[in-house]
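Novice: My questions are about this predicted structure, shown below with the sequence.
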Amino acid sequence: MALDIEQIKKLRAMTGVGLTDAKKALEATGGDFDKAVEEMRIKGIAKADKKADRAVSAGIVHSYVHGDKIGVLVEVSCETDFVARTDDFRKFANNLALHIAASSPEVVSAADVPEARVEKERELIQAELKEQDKPADMIEKISEGKLAKFKAEISLLEQPFVKNPDQTIGDYLKSTIAQLGENIVIRRFARIELGQ
């Protein structure tokens, strides 16, 4: 089956893989571009998961200022200085900072939410549910669901990416790891808004 070189180039540009891998993916899917993209994404995420345990000792601290009203600093680490200096890595850091400015997360991951904050939120949710005369056996189940939603809303990795709401920041991180071929960790961030 003859493949269109433009399709191979387009797949390569979208997924960040080599020409050979893009060609193989299109051949494996019978030239179906959408299936090839999906296949490459699955393989990329699997590769990213394998890289998660590798040490990250390089990286950058990136700054972003939005309209002189909001400033963001974000520390993003990777395995080598070579990757830290690439345009793709810097673009990733800038997109993170832009997202943080727009969405105002409080922590990097749901595991970082302080236990005292979780307990306080649990008390508020349960008090609200009691006010609504919910049955006692349902209050605990509903509380857990609302708590999970609360943690996701304030956690950077769980938030929908402002540039692509179909993808979470966690998914964007994994696709960047797959694209750049190194483990990447979002260490910390700070967001400052004028007057707050």
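Specialist: Ah, there it is. Here the structure is a predicted model, which means the values were calculated and not measured.
Novice: and L73, what are its bridge partners?
Specialist: Bridge pairing for L73 (DSSP bridges) gives the partners S63, A190.
Novice: F189 is in contact with that one, correct?
Specialist: Yes. Counting by CB atoms under 8 Å, L73 touches F189, with 6.5 Å between them. C-beta coordinates here come from the backbone N, C-alpha and C atoms, glycine included.
Novice: Name the residues contacting each of these two.
Specialist: Counting by CB atoms under 8 Å, 6 or more residues apart in numbering, the shared contacts of L73 and F189 are A97.
Novice: who's more crowded, these two?
Specialist: F189 (21 against 15; other CB atoms under 10 Å).
Novice: wait, that one sits on V74?
Specialist: Yes. Taking contacts as CB under 8 Å, F189 lies within contact range of V74: 4.3 Å.
Novice: Give the intersection of the neighbour lists for the two.
Specialist: Here F189 and V74 have 96-97, 100 as joint contacts, going by CB under 8 Å, 6+ apart.
Novice: Can I get those in a markdown table including pLDDT, secondary structure and neighbour count?
Specialist: Written out in a markdown table, the entries for the shared contacts of F189 and V74 read as follows (pLDDT from 0 to 100; DSSP: H, G, I helix; E, B strand; the rest coil; neighbours: other CB atoms under 10 Å):
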| residue | pLDDT | secondary structure | neighbour count |
| --- | --- | --- | --- |
| L96 | 97 | helix | 24 |
| A97 | 96 | helix | 23 |
| I100 | 96 | helix | 24 |
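Novice: Now the residue nearest the centre of the chain: phi and psi?
Specialist: The centroid of the chain falls nearest to I169 when counting by CA atoms, centre = their mean (1.9 Å). Listed backbone geometry of I169 is phi -60, psi -40, with angles given as degrees, to the nearest 10.
Novice: ok, it touching F161?
Specialist: Yes. The pair formed by I169 and F161 meets the contact definition of CB under 8 Å, at 5.5 Å.
Novice: the strands in this protein, which residues?
Specialist: Using DSSP state E, the strands found in the chain span residues 58-66, 70-78, 160-161, 164-168, 185-193.
Novice: how about the closest residue to Y64 other than its chain neighbours, what does it touch?
Specialist: Distance criterion CB to CB, 6 or more residues apart in numbering; nearest residue to Y64, sequence neighbours excluded, is A97 at 3.5 Å. For A97, the contacting residues are 62-64, 72-74, 189, taking CB under 8 Å, 6+ apart as the criterion.
Novice: how about the helices in the protein?
Specialist: According to DSSP state H, the chain carries its helices in the segments 5-15, 19-28, 33-51, 81-84, 87-103, 115-131, 136-154, 169-180.
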